[in-house]
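Peer 1: structure for this input, please:
(chains A, B and C)
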Amino acid sequence: MDSVQHTTTTGVDNRKMAMWIVIASECMLFGSLIINYIVQAARVMKLEGIGVIKPSQIINVPITSASTFVLLMSSVAMVFCLKGAREGNVKSFRTWSFLTAGLGAIFLGFQVYEFTVFYLEGLGMTTNTFGSAFFTLTGTHGAHVLVGVVILLTAGIWSFYKPLDKDKHSPVIETIGLYWHFVDVIWILIFTLVYLFVLAPK
Amino acid sequence: MFYTEPLKNLKKHTLKFLHSSPIFVLRGMKVLLGSVFFSSFFSPLFAAENPNLNPVLKFFKLGQSEYTTLNPANQLGKEVLDLYSLFAWVGIGVFCVVALIFIVVVYRFRETKHPKAKDLRGNFLLEMFWTTVPIVILIVIAIPTIQIIFKIAEVPVSSSDGFSLASGKQKIYPEYLEVNVIGHQWWWEFEYIAIHKWQADQNKDTVQSLHRVTSSEAYFPVGVPVKVNLVSEDVIHSFWLPRVMGKTDAMPGQVNQSTLVFETAGLYKGECALYCGASHALMRFNVVVVDQKTFQDWLNWGSGDMVLTTESAKRGAVVAQTCVACHTMKGVKDYVPRSERLEQAKIAYEENVKLYEAGEKAYKEKMAQENKKVWERQMREDPSMPAIPVKPSQFGGELATIGPDLTDIQFKKFVVSGIKQNTRENLINWIKNPPSIKPEISGTLTVRMPAYEHVLDNQSIEDVVEFLSTVKYSKSDFVAPVLIPLYPTPNQK
Amino acid sequence: MSEIVLSKDQAVHGKGLAKSYSKSSWLSWLVTVDHKRIGILYFWSAFVFLLIGGLEALLIRTQLFLPENTFLVGKSFNQMFTMHGTTMVFLAVMPLNAAYFNYIIPLQIGARDVAFPRLNAFTFWIFLFGGLFMHFSYIIGHVPDTAWTGYANLTSKAYLPSLGGDFWTMGIQVLGLSTLVASFNFVVTILNMRAPGMTLMRMPLFTWTSLVTQVLIILSFPVVSVALAMLLLDRVFQTNFFNPAFGGDVLMWQHLFWVFGHPEVYILALPVMGYVSEILATFSKKSLFGYSVMIVSASCIGFLGFSVWAHHMFTVGMGPWANAVFSAGTMTIAIPTGVKVFNWLFTMWGGSIRMTSAWLYSVGFILMFTIGGITGVMHASPPIDFQQHDTYFVVGHFHYVLIGGSVMGLFAAIFYWFPKMFGRLLNETLGKWQFVFLFIGMNVTFMSFHFVGVEGMPRRYYYYQESDGWTFWNQVATIGAYIQASAFVIFLYNLIITFKKPKGAEADPWDSRTLEWSVASVPPEYNFYKIPQVEAVDDFWYKKQKYGAKQAIELPKGNEVVHLPSPSWLPFLSSLALGLLPIGVTCYAYTHSYSYLLISVVGFVAFLLLAIKWAFTPVE
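Peer 2: Sure thing, here's the model as predicted:
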């Protein structure tokens, strides 16, 4: 995606600046979802009743820690991918972009597994407000990861068909990297607030 | 002569002004008219003792509605009105300053008079001035604001020799009344919970439970604070008695508390002030404030057995058995207090949980059936079908209050959520065809009461109205007070 | 990039699908990526929606003319005030502002187009889709009756079961997306595409207030997106976010909505403050008073606007401490606003005032916005607000700031920039008469609203009785509404006779100060022959003083090569694809048959494929 002008007043590439702004916007998006989750989960935690599924009963911290690790590694892979793009090394760029996308896909696999387990244990989107809030928050995050995976795969596949020009394309890869790191940071926040808080003493 | 010179100049300048650019004159006149119009509106400062006598308000037809905010009936209301007057004066002042600067600037620097522009770009002192002066003004108006915020938020608390509405005027009350005010679509329910009395010798308060419910027209005692617990059974409503207190929202899932203090006896009109659906505009209520004796008699109404004197009333009592599918009435079907309904709801919930534990399938089937009922009910558009409230309600489920309590309907000044005068004719028309009074063009959930003209014949309806209007109870003795209207208003039909 | 060689009369050649469409064919409007054409598209669409919203207002006022009137009752009335509010906020005022963001900002900063031209076109088409989608509800009879604030839990399926609520939820979601994406575009444009020499402190004030507005949009629209998504899930997929019976929280909607809603009203007002600043400076023949103070105060208003949302919720029972904090915050916003008012007045001090229609509307804005601000400060005090909240007093307040403020400011902008956009000047006499009618009508109606609100009439009431004592002022208000309507009729007549005239306005009919006036009226597609080198604030005025009027206005000369974005089908097709999502969900909501969700899936996949094609199609 090009924009018309190449020299910019601030010196920052148009697309990169746009991505920073998108990130600001997404902060508010995830912020609202997180606040909603905290409020709803706190309420459900206070409920008494045998059938109520609470976060402490269903959230599996070890498995999610593993998936968090995978996502963090994908960010590392993204760094190498950008390095490859900056050096103009097509093979490196391609490999690392597929690796990043792959690790992201593995993370998504973990999410799908987790969601399925929760559903089979009785927690669906409509079961209680904890379920609604949880699935909305993590689902939105998962959708963002999916978009990132698609973009990375597209970039990797494209590199088979067109030459990689390190000056022209590095800003684009950097922008994608920015998005990917942001998605990762949001996950760290979600992981802390949703999963690690379950471990807190009452 | 020297003293006529200024006058001649004045005449010259005035004529020049009037003959100058017509658009400017028009503009200036508009601004002046606007200021007059605008400032006379800000005249609650005149709303002192009896706004009916104030000629300015009278001229602008203000202060004459029974819902007016310019005629508060208690001390706190008067303080709020004074605060409003303060803001109003400040507002007038600000607008006059702005308008004055505007008029001067436009007059002095219009093109015909001032063809060459000076390139003034800013002035630090001026900026400082018009930044700090508003800050000072805002601080001045914020201080009483915050004081009154805390005064309004008070509920009666026990103190050394009574109940006080802490802070402010330290008035100690020997007792207060606690009432649940429950908003429904589209009527208000008043459930009298308790009278809290202070026992000086035992140094604690005693709670005398009450078992009394009414709708749309509540009686309160004069001089006794009334603590209202506001809640809703369905959507958010807002409880507003303009002459008594500001509004507080009645929400499902949260209880808001507020204190009403009535200092004079009389009829106070209230309304719902938050959009709650089709009949939001038709959800009025009234509060009748009476002396203690009358209030006790009113509280007592309904105790004892039903006493029916005419044949028509006796036939009506039989017809009323169909009414209590939704309504409650002492002697026919007593109401279930909200606290009990919550208990029942808890039990029902636990049953659901057991079902869930027993096996998901049975639970899912039951939930699917409930959902299907809701869906079918909501898609049905025939107003003559009885409305079955299958809304998921934690407030009693099947026991949720559907229709108002009718025990004391004969004493009400207004029926149908405070809209219509209490006459036989109005009651008959309402029972026959509620949508004609709480209308809707299409769609469901307008008024829950079906049109009984399809179900009952005219005689039955007349009988049931006779029953409602003449029923007596063996241990009750109440005579409705004669209510003198606040303002003489055209007869409400 | 498509390369053009500039000569006096020349045509622009584009590459790709759209190359066969000449500029004058209607198809060229579907594929345009020119910010000026997109601005004109926004302008006319928003204007039509403004008229529709006005019609809805007249219907409301006609019902309220008589007590116990049966003209428009119950649910139909509720639908009318819902659509009036929603249309006016999201489909009239915001897109009219967007029309000027699109048309004027690149010209004012000395750019040839915005940063992402195809994205720009996309935001228009998705906006148009959103507006049409919401109004489609009229055709099938399921009109939203949620009120423009859509409070839960009234808006849940249990209480408002018709499809109207779904149309409303998804319609606003789509419109929000349009505005949000456009804001990304404008921020990057303003920060990154300024002409050389144009530092931030040399930008015209409209560009500055637009920048603050875009930042507000970026931070507030995602919040309402979340709220709307939760409401949609509640309504269509049986979640219980806002259903207290199953643990949901009714207040959550209010908080989320108003965290968006309060910055939204500044989004409506700030661009208008920008117009007024420039118009007053132009027609006083001098620069704006306190340029940097105006910028700082606009930024303060934007920043503080995020901290005061709960002043819409004083009555929900948050407690006296919360009420006190939000009250204090709300009163604080009065300070930068007051500073701006005085700066505008002193802009005219020492100047030479030409009282054109644009000027009249600008000063009308100042005075009416002041009145609206004063009643706003009254609302900022909870004890007073407990008596005023949800009454006609509030309706009076926000109509003063919206019609007396935003609409008057927009008319000022329309009259001011009409020659630039359409090459003709609107008739001044008609403009002044229109102003008179609008000003009088507006004050008659909305001052009456204050009166009837003080008398205790709540808002959203379709019914009142003679004994309520509200009849007189309701009738006066209705008469005022018809007076305002006649102002719009005069404006329509003005438009008709103006478009009958041939294009011929000079480049700088008002002797203005900013760069957009240095190019021909109806600028060429490439905006500037040569990107200007900016030397001062109000650069055009500075150059006129320095080099004389004639030299400062550029004329097209030969043989400068510029690069312009090519027209493209992608924005239009992408918005069609994305539009399938709400259509699918609506069909599912009506029939509860999962197969209709396939429409949404198809739309989403098509959008994804088009997005990929978009990413790999360079913008040439």
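
Peer 1: point out where chain A drops to low pLDDT.
Peer 2: Where chain A drops to pLDDT under 70, the residues are A:1-6, A:47-51, A:201-202.

Peer 1: at 50 instead, please
Peer 2: Applying pLDDT under 50 to chain A picks out residues A:1-4.

Peer 1: quick one: the helices in it?
Peer 2: A:14-46, A:55-58, A:61-87, A:90-120, A:129-161, A:166-190 (DSSP state H).

Peer 1: just the stretch 351-500 of chain C next, same as before
Peer 2: Applying DSSP state H, counting those that start in this stretch to the stretch 351-500 of chain C gives helices spanning C:357-379, C:382-388, C:392-399, C:408-422, C:428-454, C:471-500.

Peer 1: ok, now which ones touch the residue nearest to residue C:373 when sequence neighbours are not counted?
Peer 2: Using CB to CB, 6 or more residues apart in numbering or on different chains and skipping residues adjacent in sequence, the residue nearest residue C:373 is residue C:337, 5.7 Å away. All C-beta atoms are positioned from the backbone trio N, CA, C, and that covers glycine. Taking CB atoms under 8 Å, 6 or more residues apart in numbering or on different chains as the criterion, residue C:337 is in contact with C:297, C:301, C:373.

Peer 1: give me the sheet partners of the helix or strand harbouring residue B:249 and which way each runs.
Peer 2: Using DSSP states H and E, residue B:249 sits in strand B:248-250. Next to strand B:248-250 in the sheet, as set by DSSP bridges, lie strand B:237-240 (antiparallel).

Peer 1: verify the stated contact: residue B:312 with residue B:460.
Peer 2: No - judged on CB atoms under 8 Å, residue B:312 makes no contact with residue B:460 at a distance of 10.1 Å.

Peer 1: check contacts around the residue lying closest to residue C:449 once chain neighbours are set aside.
Peer 2: If the residues on either side of it in the chain are set aside, residue C:449 comes closest to residue C:396, at 3.4 Å by CB to CB, 6+ apart. Applying CB under 8 Å, 6+ apart, one finds that residue C:396 lies in contact with C:375, C:446-450, C:453.

Peer 1: go again with 10 Å.
Peer 2: By CB atoms under 10 Å, 6 or more residues apart in numbering or on different chains, the contact set of residue C:396 is B:41, C:371-372, C:375, C:388, C:445-454, C:459, C:477.

Peer 1: residue C:389 too?
Peer 2: B:238, B:240, B:246-247, B:249, B:273-274, C:311-316, C:379, C:382, C:453, C:458-459.

Peer 1: can I get stretch C:150-162 as CSV, trimmed to CA atoms?
Peer 2: Extracted in CSV, the C-alpha atoms of stretch C:150-162 (Å, rounded to 0.1, in the frame of the first residue of the first chain):
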residue,chain,number,x,y,z
GLY,C,150,-29.5,3.7,23.1
TYR,C,151,-29.6,3.1,26.9
ALA,C,152,-29.4,-0.5,28.0
ASN,C,153,-31.4,-2.3,29.1
LEU,C,154,-34.3,-0.8,27.2
THR,C,155,-32.4,-1.6,24.1
SER,C,156,-32.2,-5.3,24.8
LYS,C,157,-34.3,-7.6,22.7
ALA,C,158,-36.7,-8.2,25.6
TYR,C,159,-37.9,-4.6,25.6
LEU,C,160,-37.3,-3.4,22.1
PRO,C,161,-37.7,-6.5,20.0
SER,C,162,-38.1,-5.0,16.6
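
Peer 1: so is it next to chain A?
Peer 2: No - judged by CB under 10 Å from any CB of the partner chain, stretch C:150-162 and chain A are separated, with a smallest distance of 12.5 Å.

Peer 1: does that stretch reach chain B?
Peer 2: Yes - shown here: stretch C:150-162 in contact with chain B (CB under 10 Å from any CB) through C:151-162.

Peer 1: part of a helix, is residue B:369?
Peer 2: Yes - membership of residue B:369 in a helix is supported by DSSP: H, G, I helix; E, B strand; the rest coil.

Peer 1: let me see the backbone angles for residue C:318.
Peer 2: phi -80, psi -20 (degrees, to the nearest 10).

Peer 1: tell me the mean pLDDT for stretch C:119-133?
Peer 2: Average pLDDT, stretch C:119-133: 97.

Peer 1: oops, could you answer that again for stretch C:185-196 instead?
Peer 2: 96.

Peer 1: okay, the helices of the stretch 351-500 of chain C in a markdown table with mean pLDDT next?
Peer 2: Below are the helices of the stretch 351-500 of chain C laid out as a markdown table (pLDDT from 0 to 100):
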| stretch | mean pLDDT |
| --- | --- |
| helix C:357-379 | 96 |
| helix C:382-388 | 96 |
| helix C:392-399 | 97 |
| helix C:408-422 | 97 |
| helix C:428-454 | 96 |
| helix C:471-500 | 96 |
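
Peer 1: of these, which is nearest residue A:38?
Peer 2: Smallest distance to residue A:38 across the helices of the stretch 351-500 of chain C (CB to CB): 26.9 Å, for helix C:382-388.

Peer 1: for that closest one, packing partners?
Peer 2: With contacts defined as 3 or more CB pairs under 10 Å, 6 or more residues apart in numbering or on different chains; DSSP states H and E, the packing partners of helix C:382-388 are helix B:75-108, helix B:124-152, strand B:237-240, helix C:320-347, helix C:357-379, helix C:392-399, helix C:428-454.
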